[in-house]
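J.: give me a model of this one.
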Amino acid sequence: MRGIRFSLEALLGLVLLGVMLTNVWQQSREGALVLTASQPPRNTQSAAVQWLAANFDSRWFGTPSLFRPPAIENTDFRFFDVSGHTQNELIRSLNAADICKTYGPCQPDPANPSGIAWGLEGGVPSGSYLCYSPRTTTLHYRFYVLLPRWSPLSMGGVSVSLVERWNSLLRLIYIHEAGHVAIDTEDLAQLNDQAHQMPTCQALYNFWNDPHVFDKLTADQAAYHARLRADCRPEVGCAPPGWLGW
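T.: The predicted model follows:
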(Lines give C-alpha, C1' and ligand atoms only; values in the text may rest on other atoms or scores of the structure.)
Protein backbone atom coordinates (compact mmCIF):
# COMPACT_ATOMS: atom_id res chain seq x y z
CA MET A 1 0.00 0.00 0.00
CA ARG A 2 2.94 2.35 0.60
CA GLY A 3 3.86 2.20 -3.09
CA ILE A 4 0.28 2.90 -4.19
CA ARG A 5 -0.01 5.87 -1.86
CA PHE A 6 3.22 7.34 -3.20
CA SER A 7 2.00 6.93 -6.79
CA LEU A 8 -1.29 8.64 -6.01
CA GLU A 9 0.43 11.56 -4.35
CA ALA A 10 2.90 11.85 -7.22
CA LEU A 11 0.07 11.84 -9.74
CA LEU A 12 -1.82 14.39 -7.70
CA GLY A 13 1.24 16.62 -7.56
CA LEU A 14 1.58 16.57 -11.36
CA VAL A 15 -2.09 17.34 -11.83
CA LEU A 16 -2.07 20.20 -9.37
CA LEU A 17 1.20 21.54 -10.79
CA GLY A 18 -0.35 21.57 -14.25
CA VAL A 19 -3.37 23.46 -12.93
CA MET A 20 -1.14 25.93 -11.10
CA LEU A 21 1.06 26.62 -14.13
CA THR A 22 -1.99 27.07 -16.32
CA ASN A 23 -3.41 29.61 -13.88
CA VAL A 24 -0.08 31.44 -13.68
CA TRP A 25 0.17 31.64 -17.49
CA GLN A 26 -3.42 32.89 -17.76
CA GLN A 27 -2.89 35.52 -15.08
CA SER A 28 0.33 36.70 -16.75
CA ARG A 29 -1.49 37.19 -20.06
CA GLU A 30 -4.08 39.32 -18.28
CA GLY A 31 -1.48 41.45 -16.52
CA ALA A 32 -2.47 40.25 -13.09
CA LEU A 33 -0.09 39.90 -10.22
CA VAL A 34 1.56 36.47 -10.32
CA LEU A 35 2.27 34.74 -7.04
CA THR A 36 4.96 32.08 -7.13
CA ALA A 37 4.88 29.13 -4.78
CA SER A 38 6.70 25.84 -4.53
CA GLN A 39 3.55 23.93 -3.47
CA PRO A 40 -0.14 24.24 -4.34
CA PRO A 41 -2.35 25.68 -1.60
CA ARG A 42 -2.54 23.15 1.22
CA ASN A 43 -6.32 23.09 1.39
CA THR A 44 -6.58 22.37 -2.39
CA GLN A 45 -4.06 19.54 -2.18
CA SER A 46 -5.82 18.04 0.82
CA ALA A 47 -9.20 18.07 -0.92
CA ALA A 48 -7.75 16.43 -4.04
CA VAL A 49 -5.98 13.75 -2.01
CA GLN A 50 -9.22 13.00 -0.20
CA TRP A 51 -11.08 12.77 -3.51
CA LEU A 52 -8.52 10.37 -4.98
CA ALA A 53 -8.50 8.25 -1.84
CA ALA A 54 -12.28 8.05 -1.86
CA ASN A 55 -12.48 7.06 -5.54
CA PHE A 56 -9.37 4.91 -6.02
CA ASP A 57 -10.91 1.79 -4.49
CA SER A 58 -13.98 2.11 -6.73
CA ARG A 59 -11.96 1.80 -9.96
CA TRP A 60 -11.19 -1.56 -11.55
CA PHE A 61 -7.57 -2.68 -11.75
CA GLY A 62 -8.21 -6.35 -12.50
CA THR A 63 -9.91 -7.41 -9.26
CA PRO A 64 -12.42 -9.02 -9.28
CA SER A 65 -11.51 -10.92 -12.43
CA LEU A 66 -13.94 -11.15 -15.32
CA PHE A 67 -16.26 -14.17 -15.27
CA ARG A 68 -15.07 -17.14 -17.32
CA PRO A 69 -17.74 -19.70 -18.23
CA PRO A 70 -17.11 -23.20 -16.87
CA ALA A 71 -16.89 -25.97 -19.44
CA ILE A 72 -20.04 -27.75 -20.56
CA GLU A 73 -19.72 -31.30 -21.88
CA ASN A 74 -19.86 -31.59 -25.68
CA THR A 75 -20.25 -27.82 -25.98
CA ASP A 76 -18.08 -25.09 -27.47
CA PHE A 77 -18.16 -21.43 -26.49
CA ARG A 78 -18.41 -18.72 -29.09
CA PHE A 79 -18.29 -15.01 -28.39
CA PHE A 80 -19.43 -11.70 -29.80
CA ASP A 81 -17.64 -8.55 -28.66
CA VAL A 82 -19.26 -5.63 -26.88
CA SER A 83 -17.76 -2.41 -25.58
CA GLY A 84 -18.52 0.39 -23.17
CA HIS A 85 -17.36 2.22 -20.06
CA THR A 86 -20.79 2.48 -18.45
CA GLN A 87 -23.73 0.12 -18.02
CA ASN A 88 -25.83 2.08 -20.50
CA GLU A 89 -23.06 1.86 -23.10
CA LEU A 90 -22.82 -1.90 -22.59
CA ILE A 91 -26.58 -2.30 -22.96
CA ARG A 92 -26.54 -0.35 -26.22
CA SER A 93 -23.64 -2.47 -27.48
CA LEU A 94 -25.39 -5.72 -26.52
CA ASN A 95 -28.55 -4.66 -28.33
CA ALA A 96 -26.68 -3.37 -31.39
CA ALA A 97 -24.95 -6.74 -31.84
CA ASP A 98 -28.31 -8.10 -33.09
CA ILE A 99 -27.15 -11.69 -32.60
CA CYS A 100 -30.46 -13.20 -33.72
CA LYS A 101 -29.79 -11.74 -37.15
CA THR A 102 -26.03 -12.32 -37.21
CA TYR A 103 -25.85 -15.74 -35.54
CA GLY A 104 -29.49 -16.90 -35.47
CA PRO A 105 -32.23 -17.24 -36.29
CA CYS A 106 -33.65 -17.28 -32.77
CA GLN A 107 -36.71 -19.23 -31.78
CA PRO A 108 -39.62 -16.76 -31.44
CA ASP A 109 -40.58 -15.99 -27.85
CA PRO A 110 -43.95 -14.27 -27.24
CA ALA A 111 -42.57 -12.80 -24.02
CA ASN A 112 -39.77 -11.10 -25.96
CA PRO A 113 -41.45 -9.28 -28.87
CA SER A 114 -38.35 -7.16 -29.51
CA GLY A 115 -36.45 -10.26 -30.61
CA ILE A 116 -33.30 -8.95 -28.87
CA ALA A 117 -31.11 -11.65 -27.33
CA TRP A 118 -27.84 -11.44 -25.40
CA GLY A 119 -26.97 -15.13 -25.60
CA LEU A 120 -27.72 -18.14 -27.81
CA GLU A 121 -27.30 -21.89 -27.93
CA GLY A 122 -27.37 -24.22 -30.88
CA GLY A 123 -26.03 -27.43 -32.29
CA VAL A 124 -24.77 -28.97 -35.51
CA PRO A 125 -24.44 -32.63 -36.53
CA SER A 126 -20.91 -33.94 -36.10
CA GLY A 127 -19.36 -36.77 -38.07
CA SER A 128 -20.46 -38.68 -41.17
CA TYR A 129 -22.92 -41.52 -41.14
CA LEU A 130 -23.20 -44.78 -43.00
CA CYS A 131 -25.93 -47.01 -41.65
CA TYR A 132 -25.17 -50.70 -41.33
CA SER A 133 -27.80 -51.24 -38.67
CA PRO A 134 -30.24 -48.76 -37.05
CA ARG A 135 -29.26 -50.08 -33.62
CA THR A 136 -25.64 -49.03 -34.11
CA THR A 137 -26.23 -45.75 -35.96
CA THR A 138 -26.34 -42.75 -33.62
CA LEU A 139 -26.73 -39.14 -34.67
CA HIS A 140 -24.18 -37.02 -32.83
CA TYR A 141 -24.52 -33.30 -32.28
CA ARG A 142 -21.93 -30.80 -31.10
CA PHE A 143 -23.50 -27.91 -29.22
CA TYR A 144 -22.34 -24.34 -28.81
CA VAL A 145 -23.16 -21.42 -26.55
CA LEU A 146 -22.78 -17.86 -27.80
CA LEU A 147 -21.91 -15.35 -25.07
CA PRO A 148 -21.03 -11.65 -25.05
CA ARG A 149 -17.37 -10.76 -24.46
CA TRP A 150 -16.30 -7.50 -22.85
CA SER A 151 -12.60 -6.71 -22.55
CA PRO A 152 -12.08 -3.52 -20.50
CA LEU A 153 -8.51 -2.51 -19.73
CA SER A 154 -7.67 -3.11 -16.08
CA MET A 155 -6.27 0.40 -15.64
CA GLY A 156 -9.05 2.06 -13.68
CA GLY A 157 -11.09 3.04 -16.72
CA VAL A 158 -14.24 1.35 -15.42
CA SER A 159 -15.68 0.90 -11.97
CA VAL A 160 -15.50 -2.21 -9.82
CA SER A 161 -19.28 -2.14 -9.47
CA LEU A 162 -19.69 -2.25 -13.27
CA VAL A 163 -17.44 -5.30 -13.51
CA GLU A 164 -19.39 -6.97 -10.70
CA ARG A 165 -22.69 -6.28 -12.47
CA TRP A 166 -21.22 -7.56 -15.74
CA ASN A 167 -20.05 -10.76 -14.06
CA SER A 168 -23.52 -11.29 -12.63
CA LEU A 169 -25.09 -10.76 -16.06
CA LEU A 170 -22.68 -13.08 -17.84
CA ARG A 171 -23.16 -15.77 -15.21
CA LEU A 172 -26.94 -15.51 -15.65
CA ILE A 173 -26.70 -15.78 -19.44
CA TYR A 174 -24.39 -18.77 -19.06
CA ILE A 175 -26.83 -20.53 -16.69
CA HIS A 176 -29.72 -19.81 -19.06
CA GLU A 177 -27.97 -21.16 -22.15
CA ALA A 178 -26.59 -24.16 -20.25
CA GLY A 179 -30.21 -25.03 -19.45
CA HIS A 180 -30.99 -25.02 -23.18
CA VAL A 181 -28.03 -27.32 -23.86
CA ALA A 182 -29.24 -29.76 -21.18
CA ILE A 183 -32.63 -29.96 -22.92
CA ASP A 184 -30.92 -30.46 -26.30
CA THR A 185 -28.85 -33.30 -24.90
CA GLU A 186 -31.76 -35.08 -23.24
CA ASP A 187 -34.14 -34.78 -26.18
CA LEU A 188 -31.53 -35.82 -28.72
CA ALA A 189 -30.79 -38.94 -26.66
CA GLN A 190 -34.50 -39.78 -26.71
CA LEU A 191 -34.63 -39.28 -30.48
CA ASN A 192 -31.65 -41.59 -30.96
CA ASP A 193 -33.40 -44.21 -28.82
CA GLN A 194 -36.38 -44.01 -31.17
CA ALA A 195 -34.17 -44.14 -34.26
CA HIS A 196 -32.43 -47.26 -32.98
CA GLN A 197 -35.79 -49.03 -33.05
CA MET A 198 -36.30 -48.45 -36.78
CA PRO A 199 -36.54 -51.72 -38.77
CA THR A 200 -34.22 -50.69 -41.62
CA CYS A 201 -31.59 -48.10 -42.43
CA GLN A 202 -33.96 -46.47 -44.89
CA ALA A 203 -36.54 -46.14 -42.13
CA LEU A 204 -33.87 -44.54 -39.96
CA TYR A 205 -33.01 -42.04 -42.71
CA ASN A 206 -36.70 -41.25 -43.13
CA PHE A 207 -37.00 -40.73 -39.38
CA TRP A 208 -34.22 -38.14 -39.23
CA ASN A 209 -35.35 -36.42 -42.44
CA ASP A 210 -38.89 -35.90 -41.15
CA PRO A 211 -39.35 -32.10 -40.91
CA HIS A 212 -41.22 -32.59 -37.62
CA VAL A 213 -38.62 -34.77 -35.93
CA PHE A 214 -37.50 -31.90 -33.70
CA ASP A 215 -40.98 -30.58 -32.85
CA LYS A 216 -40.81 -31.93 -29.29
CA LEU A 217 -37.39 -30.36 -28.79
CA THR A 218 -38.73 -27.00 -29.95
CA ALA A 219 -41.71 -27.34 -27.61
CA ASP A 220 -39.48 -28.32 -24.69
CA GLN A 221 -37.28 -25.26 -25.22
CA ALA A 222 -40.36 -23.01 -25.26
CA ALA A 223 -41.61 -24.70 -22.08
CA TYR A 224 -38.23 -23.97 -20.47
CA HIS A 225 -38.76 -20.27 -21.09
CA ALA A 226 -42.28 -20.50 -19.67
CA ARG A 227 -40.98 -22.17 -16.48
CA LEU A 228 -38.38 -19.45 -16.05
CA ARG A 229 -40.97 -16.71 -16.44
CA ALA A 230 -43.17 -18.41 -13.84
CA ASP A 231 -40.29 -18.56 -11.35
CA CYS A 232 -37.88 -15.87 -12.51
CA ARG A 233 -34.68 -15.91 -10.46
CA PRO A 234 -31.09 -15.11 -11.49
CA GLU A 235 -29.81 -18.38 -10.03
CA VAL A 236 -31.90 -20.34 -12.55
CA GLY A 237 -31.08 -18.13 -15.52
CA CYS A 238 -33.83 -15.50 -15.51
CA ALA A 239 -33.48 -11.76 -14.91
CA PRO A 240 -36.42 -10.13 -13.10
CA PRO A 241 -37.41 -6.68 -14.45
CA GLY A 242 -34.85 -4.06 -13.47
CA TRP A 243 -32.41 -6.62 -12.11
CA LEU A 244 -29.10 -4.87 -11.35
CA GLY A 245 -29.99 -2.21 -13.91
CA TRP A 246 -29.85 -4.62 -16.86
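J.: rest of the way, CA atoms for contacts and neighbours
T.: Fine.
J.: so where do the helices sit in this protein?
T.: Assigned by DSSP state H, the chain shows helices spanning 2-29, 42-56, 87-96, 99-102, 160-195, 201-209, 215-230.
J.: least reliable of those by average pLDDT, please.
T.: Among the helices of the chain, helix 2-29 carries the lowest mean pLDDT, at a mean of 37.
J.: in stretch 143-152, what's buried?
T.: 143-150, 152 (16 or more other Cα atoms under 10 Å).
J.: separation between residue 117 and residue 129?
T.: 34 Å (Cα to Cα, to the nearest Å).
J.: hang on, residue 123 packs against residue 143?
T.: Yes - contact criterion Cα atoms under 8 Å: residue 123 and residue 143 qualify, at 4.0 Å.
J.: picking that back up, so residue 117 and residue 129 - more neighbours on which side?
T.: Remark: of residue 117 and residue 129, residue 117 carries more neighbours, 17 against 10, as counted by other Cα atoms under 10 Å.
J.: surely that one is in contact with residue 101?
T.: No - the criterion here is Cα under 8 Å, and residue 117 misses it with residue 101 at 9.9 Å.
J.: care to break the protein down by domain?
T.: Domain assignment for the chain by automatic domain parsing gives 2-56, 75-245.
J.: how long is the longest one end to end?
T.: Across its full length, domain 75-245 reaches 30 Å end to end, with Cα to Cα as the criterion.
J.: repeat that for stretch 71-78.
T.: 12 Å.
J.: give me the contact list for it.
T.: Stretch 71-78 is contacted by residues 142-147, 178 when judged by Cα atoms under 8 Å, 6 or more residues apart in numbering.
J.: any idea how many residues pack against residue 82?
T.: For residue 82, using other Cα under 10 Å, the count is 19.
J.: how about residue 85?
T.: For residue 85, using other Cα under 10 Å, the count is 13.
J.: enumerate every residue touching residue 141.
T.: Here residue 141 is in contact with 123-126 (Cα under 8 Å, 6+ apart).
J.: got it, and residue 137?
T.: Residue 137 sits in contact with 129-131, 196, where contact means Cα under 8 Å, 6+ apart.
J.: try 7 Å
T.: Residues in contact with residue 137 (Cα atoms under 7 Å, 6 or more residues apart in numbering) are residue 131.
J.: quick one, phi/psi of it?
T.: Main-chain dihedrals, residue 137, degrees, to the nearest 10: phi -110, psi 110.
J.: now residue 148: how far from residue 190?
T.: Going from residue 148 to residue 190 by Cα to Cα gives 31 Å.
J.: separation between residue 59 and residue 122?
T.: The gap separating residue 59 from residue 122 is 37 Å, by Cα to Cα.
J.: before we move on, what about residue 245?
T.: Using Cα to Cα, residue 245 is found at 28 Å from residue 122.
J.: picking up where we left off before, and among the domains of the chain, the most buried is which?
T.: With neighbours taken as mean count of other Cα atoms under 10 Å, the domains of the chain reach their highest mean count in domain 75-245, at a mean of 15.
J.: how far is that one from where the chain is centred?
T.: Centroid separation between domain 75-245 and its chain, computed with Cα atoms, centre = their mean, to the nearest Å, is 14 Å.
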